[in-house]
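# Here is my input, please return the structure:
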Amino acid sequence: IKFTHPERVYWPDQKTTKADLADYYATVWEYIGPYVTNRALSLLRCPEGIDGQTFFQKHPWRGMNKAIGSIKDPKDRAGEPLVVISDFDGMMALVQSAVLEIHPWGSTTKAWEKPDLITMDLDPGKDVEWNAVVEAALDLKSRLEAAGLAAFVKTSGGKGLHVVAPLEPKAGWAKAKSFAKKLATDMGRDEPDKYLAVATKAKRNGRIFIDYLRNGRGSTAVAPYSTRARAGATVSMPLEWSELSTVKGPAEFNVKNTPKHVKARKADPWADFWASAKPLPG
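Numbers count the residues shown, from 1 in each chain. Sure, this is the predicted structure:
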């Protein structure tokens, strides 16, 4: 993949360039690969960096590098194709195309109608302390485990945490979304002072929105290790549950410090993610 203007600055506050982003993804490729390949993608492109015009793109564009593929949604044959990558060249082509966020579907293109993960996004309102977000993640973990599923955690790279459960791709979208909605609703009912399951901004102050809406067909959530188009060049970082007590906030990991962290850690905290997949209960 040929880079034009590798010196182009994508994150001015960190002086992080296109070349830095390519180096970052080369370092984490073995970890991010399974979460972004062979899945329909929604991409946030920022050709002039995070301070310029940004736009979401899920369909092919004119001049798109041939390492980025396109695929028809089986339920939308008449519509525009969706964007997909299948290898490292595809990832580098995304970097060249100024993609600063990668949001994959929760199913692969081999099994469009059978999600293989559930993502619960903990989105804190104003005045919510970080330790309350950590508590919410631990609550979700215990609820998922009680339902017979494994639970994994990552920073969102934004304001909160994502708790993700791998699934054997057997149940359909409606069942997966309904399961996620029940988790969120139960938390809101059990501790209404802390949590809510409705996206009403006005009601969110001091509480955490348990966002289950990422689990519908065609909905997406930011990929593990994906960068974010935010100040600080933050990334969505997979963690060990035990690390939550030492992480100071959702923006702790970024393009510059993540490679060192990845090389220094004793093991990949999500190494068993796919091996831990269970069928959706019920």
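# mind listing what Leu183 touches?
Residues in contact with Leu183, defined by Cβ atoms under 8 Å, 6 or more residues apart in numbering, are Met120, Leu140, Arg143, Leu144, Ile210, Tyr212. (C-beta placed from N, C-alpha, C; glycine too.)
# Give me the three-state assignment for it.
Judged by DSSP: H, G, I helix; E, B strand; the rest coil, the three-state class of Leu183 is helix.
# about what we covered before: list the ones among the contacts of Leu183 that fall in helices.
Counting by DSSP state H, the part of the contacts of Leu183 found in helices is Leu140, Arg143, Leu144.
# is it true that the first one touches Ala151?
So that's Leu140. Yes. Leu140 is within contact range of Ala151, at 6.7 Å (criterion: Cβ atoms under 8 Å).
# list the residues that contact both of these two?
Counting by Cβ under 8 Å, 6+ apart, the residues touching both Leu140 and Ala151 are Val163.
# more neighbours, those two?
The neighbour comparison of Leu140 against Ala151 (other Cβ atoms under 10 Å) goes to Leu140, with 24 against 21.
# How about that one: what's its closest non-neighbour residue?
Closest residue to Leu140 apart from its sequence neighbours, by Cβ to Cβ, 6 or more residues apart in numbering: Val163 at 4.4 Å.
# again, but for Pro6
Ala19 (3.9 Å).
# ok, now Glu240?
Glu240 sits nearest to Pro269 (Cβ to Cβ, 6+ apart), 4.2 Å away.
# Please apply the same query to Ser70.
For Ser70, the spatially nearest residue (Cβ to Cβ, 6+ apart) is Pro81, at 3.9 Å.
# hmm, back to that, could you single out the nearest of the ones in helices among the contacts of Leu183 to Pro279?
Leu144 (13.5 Å; Cβ to Cβ).
# Wait, that closest one touches Val164, no?
No. In this structure, Leu144 is not within contact of Val164 by Cβ under 8 Å, at 9.4 Å.
# what's the overlap in contacts for the two?
By Cβ under 8 Å, 6+ apart, the residues touching both Leu144 and Val164 are Ala151.
# Neighbour count for these two, which is higher?
Val164 (26 against 22).
# show me where this structure has helices.
18-36, 88-96, 130-146, 173-190, 258-264.
# Now do the second one and helix 18-36, the angle between them.
Pointing back at helix 88-96 there. Between helix 88-96 and helix 18-36, the angle comes out at 130 degrees (axes from the mean of the first three to the mean of the last three Cα atoms, to 10 degrees).
# same question, the third one
For helix 130-146 against helix 18-36, the angle between stretch directions is 30 degrees (the same axes, to 10 degrees).
# Can you tell me which helices and strands helix 130-146 packs against?
strand 117-124, strand 161-166, helix 173-190, strand 208-211 (3 or more Cβ pairs under 8 Å, 6 or more residues apart in numbering; DSSP states H and E).
# Columns mean pLDDT and distance to Tyr35 on top of the ones you listed, output as a markdown table?
Conversion of the helices and strands packed on helix 130-146 to a markdown table gives the following (pLDDT from 0 to 100; distance: least, Cβ to Cβ, whole Å):
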| stretch | mean pLDDT | distance to Tyr35 |
| --- | --- | --- |
| strand 117-124 | 97 | 9 |
| strand 161-166 | 98 | 10 |
| helix 173-190 | 97 | 17 |
| strand 208-211 | 96 | 19 |
